[in-house]
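Asker: curious how this folds, go ahead:
(2 chains)
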Amino acid sequence: MHRVDLFPTHEYQGLKLRQGRPYPFGATVVGNMVNFSVYSRYATDCTLVLFHNREEKPFVEIPFFKEFRLGNVFSMIIFDLDYENIEYGFRMDGPFQPEEGHRFDKSKILLDPYAKLIVGRDVWGQQPNWDSLYQYRARVVFGDFDWEDDLPLETPVNDLVVYEMHVRNFTCGSAANVKHPGTFAGIVEKIPYLLELGVNCVELMPIHEFDEFENHRISPVDGRELYNLWGYSNVGFFAPKAAYASSGRFAMQVDELKNLVKRLHANGIAVILDVVFNRTAEGNEQGPYISYRGIDNKTYYMLTPDGYYYNFSGCGNTLNCNNPNVREMIVESLRYWVTDYHIDGFRFDLAAILGRDQNGNPMSNPPLLESLAHDPILGKTKLIAEAWDAGGLYQVGSFPSWGRWAEWNGKFRDSMRRFLKSDEQVLADVKERIIGSPDLYASQKRGIKASVNFITAHDGFTMMDLVSYNGKHNEANGEDNRDGENHNNSWNCGCEGETDDPEINRLRHQQVKNAITMLMVSQGIPMVLSGDEMGNSQQGNNNAYCQDNEIAWLDWNNLEKNADIFRYFKQIIKFRRQHKVLRYEDHLQQCDYLGLGYPDFSWHGMKAWQPESGCNNLTVAFMLDGQYAATDGVPDDFIYVAINMHWETHCFEPPQLPESMAWHVFANTGMPSPDDIFEPGKEPIIENQHEVLVGPRSIIILVGRAAL
Amino acid sequence: MNIESYKLGERLDSFNYQEVRNDILAILEKGCSAVLDMTACNYISSTGLRVLLYSKKMAASKELKLYLVGLNADVKDIMNVTGFDLFFDSFCTMDECLQAIKN
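Answerer: You can find the predicted model right below:
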């Protein structure tokens, strides 16, 4: 049967119209009709503005008639619209009373907050028409895509090895050797590389539409153009960044991103999106009208009692996340990315903000976070919080989780960095981090899976810079080196920056291997910063948010230059993925609860079973019993790790293995390549089963299995 | 197998998709597989991509085939980066296509 209510009731300048459906918000294609719907609590009138593609002047502006408003929603159906060739926006009328929180201005043409396809910044770095009245332009999306049998992968969270990457940085650099540098298609070309490295999850830094020209300027230091490269500043929460698609000039970014996800999934690689729901690109009182400010300022932003923008994000404004309507928009956005793009998980930037009430106060049970934890569509989606914000709220270990949320474990980063540089005051903390931070997560029964471990991330030094610089070198950012983190816990190994000194370079490589080893043998979800596996440097810049150039781009020549590092990363990742005993979901009991003769996990010192037998709090050893981590009845191996962050060699005594088993050496970071690491499963047996020498600032990993 | 070829113009987009789609469906309705000669086509839009895939699926539902011939570099690239290439058998020339069908 055909519906009887789908005939035009109105006509306006040749277009046939009728009252729309208030829900869903945004532009929705229904047969030969497009339904436009927009919510504004405080607007008095609304006009739909239609353009032919890329034209400056609209061809029609259609007022929402009185009968087209239901509650606080304006909705309208237009019949027979050639929607591939139109762009749309809204004009909102209402009070301009900033002190009351209202900033309506009907001279502005506003982007739909629910726009799923946005054009206007289609080719990266191509100057837009700055005089255009409508800069970021919504189009009606083609929502259909043939996914065949693809679905989100639902990889167990404890099995993930996450690779944090940036779409442009990954393939724009020298020797990337791809047809479409800096795009989703470029990543597709590099899937064989990701498989070789062995990661099974990519975490894409923001891919929602943003404006690379936001705060665009010339560096006073080196004269280069500085862009908003990282994109932590949303223009739209439902649309992919057009300029990240090689097909963006044809507005095909939606299909190109879906194709990337589909192809990654086909290769067993999950996709996590870094999402920024704490702020928008509209800035503070001086910022531009893009969308939310003009659609319903008081709804979308946290405002002071006198109408100014709260700035818990450090970037000018704060999205009003726990307003019920904004909350609904965020939930809808996440559902959309999971439903329509098959996204596997989200990492929430400055997520502590999501737990603040409308006055900025932290809540004990934030409704947004609870909604996301219990959402039916997001039920198997990874939810990862950056559990702090720029307003001083630090919730690592206490982020409201409902058993669903994991956290970027900033304490793991800090402790491991300090230990790596031989800080004698941090061993007790390091031991907590190695076993999945039970001090943070055990009491709430959140398990090891709550801890996303990392030593480097996009914020801060790369791993090679962590061992090459004592201080940050952000002068090229043009802020007199004031920006970026000051407390890096880094050590340059004897010389600041690049050097020809072979001993310093050898030590740096060793320290990089130490760092990735500590990450991969710790319980929790390891996250690797893209480029660390090839010794990528940012020349000491620890805040390369604006450096769309070789400072931030991966230099693929490093793959050859630092071949030993890449080889080490590949093997240690493979090792982790082969050993279930390194990937527990819940915290270890550290006792022989199965009566197997060994505890599931045990601490040791330089003497077996004597954890206190160390040197200057710079040595530690531990053993995992693979009998507790059997797969289909087949136990995993024993794994013994001896860490010596002292500057002298020490002798370690590994525990006695069950009869018929023997220790084999998998890794020794103190050895030159290729003897620093072996193919997992093909480790050579060690001659002396009772003691091993661990060199200065070295880590040894032994595998206990049947002696052949 | 009965085969009929169909030659596309310079563009396949929302301005001409209905005509192209109807022409292809008419071929399929006759029980013929379709070979689309795209040698002249130098632009394909999102609508155009969907016309091709829709036609391919309609052909499959009738146990018929749909082949593409003569994709230029730009069109081929767009199909590749959007993943639509995965669904089609495509050939450089009509002869090559016919030979492949024959074999």
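Asker: any idea which residue of chain B lies closest to chain A?
Answerer: Relative to chain A, the nearest point of chain B is B:Gly83 (3.3 Å; C-beta to the nearest C-beta). Just so you know, the C-beta spots here come from the backbone N, C-alpha and C atoms, and that holds for glycine as well.
Asker: who's A:Ala667 bridged to?
Answerer: Listed beta-bridge partners, A:Ala667: A:Ile677, A:Ile701 (assigned using DSSP bridges).
Asker: tell me who's in contact with it.
Answerer: Contacts for A:Ala667 (C-beta atoms under 8 Å, 6 or more residues apart in numbering or on different chains) come out as A:513, A:517, A:568, A:571-572, A:575, A:676-678, A:699-701.
Asker: switch the cut-off to 10 Å
Answerer: With contact taken as C-beta atoms under 10 Å, 6 or more residues apart in numbering or on different chains, A:Ala667 is in contact with A:513, A:517, A:520-521, A:568, A:571-572, A:575, A:641, A:675-678, A:680, A:683, A:698-703.
Asker: returning to that earlier point: surely the residue of chain B closest to chain A is in contact with A:Leu260?
Answerer: Yes - counting by C-beta atoms under 10 Å, B:Gly83 touches A:Leu260, with 8.6 Å between them.
Asker: chain A contacts on chain B?
Answerer: Residues of chain B lying near chain A by C-beta under 10 Å from any C-beta of the partner chain: B:13-15, B:17, B:43-50, B:53-54, B:56-57, B:74, B:77-87.
Asker: go again with 6 Å.
Answerer: Residues of chain B that fall close to chain A, judged by C-beta under 6 Å from any C-beta of the partner chain: B:14, B:46-47, B:78, B:81-83.
Asker: save those residues as JSON lines, and put in secondary structure, neighbour count and pLDDT too.
Answerer: What follows is the residues of chain B next to chain A, written out as JSON lines (DSSP: H, G, I helix; E, B strand; the rest coil; neighbours: other C-beta atoms under 10 Å in any protein chain shown; pLDDT from 0 to 100):
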{"residue": "B:Ser14", "secondary structure": "coil", "neighbour count": "16", "pLDDT": "93"}
{"residue": "B:Ser46", "secondary structure": "helix", "neighbour count": "24", "pLDDT": "96"}
{"residue": "B:Thr47", "secondary structure": "helix", "neighbour count": "21", "pLDDT": "96"}
{"residue": "B:Ile78", "secondary structure": "helix", "neighbour count": "24", "pLDDT": "97"}
{"residue": "B:Val81", "secondary structure": "helix", "neighbour count": "27", "pLDDT": "98"}
{"residue": "B:Thr82", "secondary structure": "helix", "neighbour count": "27", "pLDDT": "98"}
{"residue": "B:Gly83", "secondary structure": "coil", "neighbour count": "23", "pLDDT": "97"}
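Asker: pick the one among the residues you listed closest to A:Lys106.
Answerer: B:Ser14 (30.9 Å; C-beta to C-beta).
Asker: excluding chain neighbours, what is closest to that closest one?
Answerer: A:Glu84 (4.0 Å; C-beta to C-beta, 6 or more residues apart in numbering or on different chains).
Asker: so that neighbour: helix, strand or coil?
Answerer: Following DSSP: H, G, I helix; E, B strand; the rest coil, we place A:Glu84 in the helix state.
Asker: right, and it touches B:Arg50 too?
Answerer: No - the criterion here is C-beta atoms under 6 Å, and A:Glu84 misses it with B:Arg50 at 10.0 Å.
Asker: name the helices or strands packed onto the worst-scoring helix or strand of chain B on mean pLDDT?
Answerer: One helix or strand of chain B scores below all others by mean pLDDT, DSSP states H and E: helix B:94-102, with a mean of 92. Judged by 3 or more C-beta pairs under 6 Å, 6 or more residues apart in numbering or on different chains; DSSP states H and E, helix B:94-102 is in contact with strand B:66-69.
Asker: give the rounded mean pLDDT of the strand it packs on.
Answerer: Mean pLDDT, strand B:66-69: 97.
Asker: show me the helices in the stretch 601-708 of chain A, by range?
Answerer: Taking DSSP state H, counting those that start in this stretch as the criterion, the stretch 601-708 of chain A contains no helices.
Asker: for it, which segments count as strands?
Answerer: A:601-604, A:619-624, A:638-644, A:650-652, A:661-668, A:692-694, A:698-706 (DSSP state E, counting those that start in this stretch).
Asker: over to chain B?
Answerer: B:3-7, B:11-12, B:33-37, B:43-44, B:66-69, B:89-91 (DSSP state E).
Asker: only the buried residues of the last one, if you could.
Answerer: By that I understand strand B:89-91. Within strand B:89-91, the residues scored as buried using 16 or more other C-beta atoms under 10 Å in any protein chain shown are B:90-91.
Asker: ok now that strand, how far from the chain's centre?
Answerer: The chain centroid and the centroid of strand B:89-91 are separated by 9 Å under C-alpha atoms, centre = their mean, to the nearest Å.
Asker: what's the answer for the first one, then?
Answerer: For strand B:3-7, the gap between its own C-alpha mean and the chain's C-alpha mean amounts to 9 Å (C-alpha atoms, centre = their mean).
Asker: where does pLDDT dip in chain B?
Answerer: Applying pLDDT under 70 to chain B picks out no residues at all.
Asker: helices or strands up against the helix or strand hosting A:Val528?
Answerer: Assigned by DSSP states H and E, A:Val528 falls within strand A:525-529. Applying 3+ C-beta pairs under 6 Å, 6+ apart, one finds that strand A:525-529 contacts strand A:162-165, strand A:451-454.
Asker: could I get those as CSV with mean neighbour count?
Answerer: Formatted as CSV, the helices and strands packed on strand A:525-529 follow (neighbours: other C-beta atoms under 10 Å in any protein chain shown):
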stretch, mean neighbour count
strand A:162-165, 25
strand A:451-454, 26
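Asker: can I get those strands in a markdown table including distance to chain B and mean pLDDT?
Answerer: What follows is these, written out as a markdown table (distance: least, C-beta to the nearest C-beta, whole Å; pLDDT from 0 to 100):
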| stretch | distance to chain B | mean pLDDT |
| --- | --- | --- |
| strand A:162-165 | 18 | 98 |
| strand A:451-454 | 30 | 98 |
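Asker: tell me where the stretch 151-300 of chain A has strands.
Answerer: A:162-165, A:201-204, A:217-218, A:225-226, A:270-275.
Asker: so which of those strands is nearest A:Arg21?
Answerer: Closest among the strands of the stretch 151-300 of chain A, once you apply C-beta to C-beta, is strand A:270-275, at 27.4 Å.
Asker: next one: the closest one to chain centre, how far?
Answerer: On C-alpha atoms, centre = their mean, the centre of strand A:270-275 falls 6 Å from that of its chain.
Asker: what do you get for stretch A:55-65?
Answerer: 39 Å.
Asker: domain map for chain A?
Answerer: Annotated domains of chain A cover A:10-139, A:589-706 [automatic domain parsing].
Asker: compute the first-to-last residue distance for the longest one.
Answerer: Going back to what we said before, that points to domain A:10-139. 23 Å (C-alpha to C-alpha, to the nearest Å).
Asker: A:Ala352 and A:Gly391 touch, don't they?
Answerer: No - contact criterion C-beta under 6 Å: A:Ala352 and A:Gly391 do not qualify, at 7.8 Å.
Asker: quick one, which of the two is more surrounded?
Answerer: A direct count of neighbours by other C-beta atoms under 10 Å in any protein chain shown for A:Ala352 and A:Gly391 places A:Ala352 higher, at 26 against 18.
Asker: low-confidence stretches in chain A?
Answerer: For chain A (pLDDT under 70), the answer is none.
Asker: for chain B, what is the nearest residue in it?
Answerer: For chain A, C-beta to the nearest C-beta, closest residue to chain B: A:Asn259, 3.3 Å.
Asker: may I see the strands of chain B arranged in TSV, with distance to A:Ser233 as well?
Answerer: Formatted as TSV, the strands of chain B follow (distance: least, C-beta to C-beta, whole Å):
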stretch	distance to A:Ser233
strand B:3-7	48
strand B:11-12	36
strand B:33-37	44
strand B:43-44	33
strand B:66-69	41
strand B:89-91	41
